[in-house]
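K.L.:
Task: produce atomic coordinates for the following.
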Amino acid sequence: MMIRIRSRDGLERVTIDNPVATVAELQAAIESQLRVPRHAQILSTNQNLLLAKASTDLTRFTDMSNPNTPISSLKIGHGSIIYLAYEGERAVAGPAFKPAGSFGRKMTIDDLIAKQMRITRQENPHCELVSFDRDAANAFQHYVSESLAFAVKRGGFMYGTVSEEGKVEVDFIYEPPQQGTEDNLMLFRDLEEEKLVEAIALGLRMRRVGFIFTQTVSQDKKDYTMSNSEILQAVELHAEGDLKEWVTAMVKLEVNEDGGAEVHFEAFQISDMCVRLFKEDWFEREVKEEVDPKLSRMKKDVVVGVKDTREVDNDFFLVVVKISDHQGPLSLTFPIENRMSPRTMNALKNHLDRTKNLPFVKRISDFHLLLLLARFLDIKTDIPALTGCVLTQATVPEGYHLLIESLANAA
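P.N.:
Next up is the predicted model:
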């Protein structure tokens, strides 16, 4: 059983052989595999654990404080994410090398593999072109520009379609719970909400096709395309997506020749080599401040050109993708999830009042509205029925019409 552990160090994984393990057994696995002492661990299924600013705040998270509690009773299973806070520094064991005689040290199998790991640029992307729905792209960049002023990072998952020729069309962007700073973006993945997002996408015959994030104004003066921490986050999500046409898009503010500010979209694919290195655990996951952000650090030597090195220029991992735009099938005027202003059912009432002159199916043809409604609907019957109407622009059954109107009027 594999369990994902989110801490201040990023997302890591531990494996447990016992499917009915207790909290104590999970703590032991974290101690042995991640080198975090058991006595220093505070675990919780609540992502707010990582937002605690003082030691006293940590005492509020008690859902995993009993070491005898079976983790299955906490709905923790294969692939689940739990949150880990700890004080102090981790002692991460490094490789042990033993000299052997006057001819130098012995070569291990890992050493031989490292000598064969040659980093080269990937010339062609698997994605021929990425096209953004104009309204979806504008809604994302407008919030970052007007509300966040490009001062902190923001991210989202892109959903749409992939053609047989490798063209990706992005029709909506889902923004998960997150916290952005000037240099880092931490995603607090809500698996229950993501199940609803996936159900809506499936009903619309769409799928997750990539990740979009912003760079801050302060990053404009840095001499890199993407930083090492951005590469790590992007390749992790790319590997999770398991789609060869997966796109990583970046939005940033640049100063033009006249001194004015312009918003730029750039699109890349993370190279096949980068994904392989990540899956085989070559990357140093803890990005240290003294490492140049334009370089990714490896745990073992790799070959770049004719040089053995542990530091690889991030640009080796990026394959440029052409960008276009289109007008997608959905409207995108409903308030967007997980932003600074919480959404209420008043937003639904206001939206329906504002669009009352349109056919009802048009009024609900908005992903962000459907995501709000999905919290009150059955994921197996109601969501497929509604998304089916939106997909074909068919008449919404009267029962659903009345249900949605009643939810709006109950606000």
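K.L.:
what about stretch 325-345, start to end distance?
P.N.:
Using Cα to Cα, to the nearest Å, the end-to-end distance of stretch 325-345 comes to 32 Å.
K.L.:
Contacts for that stretch, please.
P.N.:
Applying Cβ atoms under 8 Å, 6 or more residues apart in numbering, the contact partners of stretch 325-345 are 131-137, 139, 143, 147, 160, 169, 171-172, 174-178, 193, 204, 347, 351, 362, 365-369, 371-372, 390-391, 407-408, 410-411. Any C-beta I mention is one placed from the backbone N, CA and C, and that applies to glycine too.
K.L.:
Can you flag the buried ones in the residues you listed?
P.N.:
131-133, 135-137, 139, 143, 160, 169, 171-172, 174-176, 178, 193, 204, 347, 351, 365-369, 371-372, 390-391, 407-408 (16 or more other Cβ atoms under 10 Å).
K.L.:
Could you report the neighbour count for residue 254?
P.N.:
Residues lying near residue 254 (other Cβ atoms under 10 Å) number 12.
K.L.:
again, but for residue 168
P.N.:
Count around residue 168 with other Cβ under 10 Å applied: 26.
K.L.:
show me where the stretch 101-250 of the chain has helices.
P.N.:
109-116, 134-142, 191-203, 228-241 (DSSP state H, counting those that start in this stretch).
K.L.:
hey, which of these is tucked in deepest?
P.N.:
Stretch with highest mean neighbour count among the helices of the stretch 101-250 of the chain: helix 228-241 (a mean of 21; mean count of other Cβ atoms under 10 Å).
K.L.:
name the helices or strands packed onto that helix?
P.N.:
Applying 3 or more Cβ pairs under 8 Å, 6 or more residues apart in numbering; DSSP states H and E, we find helix 228-241 packed against strand 10-15, strand 207-214, strand 247-255, strand 261-270, helix 272-279, strand 295-304.
K.L.:
Give me the angle between it and strand 295-304.
P.N.:
Inter-element angle recorded for helix 228-241 and strand 295-304: 70 degrees (by axes from the mean of the first three to the mean of the last three Cα atoms, to 10 degrees).
K.L.:
and residue 94, what pLDDT?
P.N.:
Looking at residue 94, its pLDDT reads 44.
K.L.:
right, and the helices and strands packed on helix 228-241 - which one's nearest residue 318?
P.N.:
Nearest to residue 318, of all these, is strand 261-270, at 4.6 Å by Cβ to Cβ.
K.L.:
For that closest one, list the C-alpha coordinates in CSV.
P.N.:
Taking C-alpha atoms only, strand 261-270 is exported to CSV below (Å, rounded to 0.1, in the frame of the first residue of the first chain):
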residue,chain,number,x,y,z
ALA,A,261,3.3,45.4,-18.3
GLU,A,262,2.0,42.5,-20.5
VAL,A,263,0.7,39.1,-19.5
HIS,A,264,2.4,36.3,-21.3
PHE,A,265,1.3,32.6,-21.6
GLU,A,266,4.0,30.0,-22.3
ALA,A,267,3.5,26.3,-22.8
PHE,A,268,5.9,23.4,-22.4
GLN,A,269,6.0,19.6,-22.1
ILE,A,270,8.2,18.1,-19.4
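K.L.:
If anything else comes up later, I'll come back, but that's it for now.
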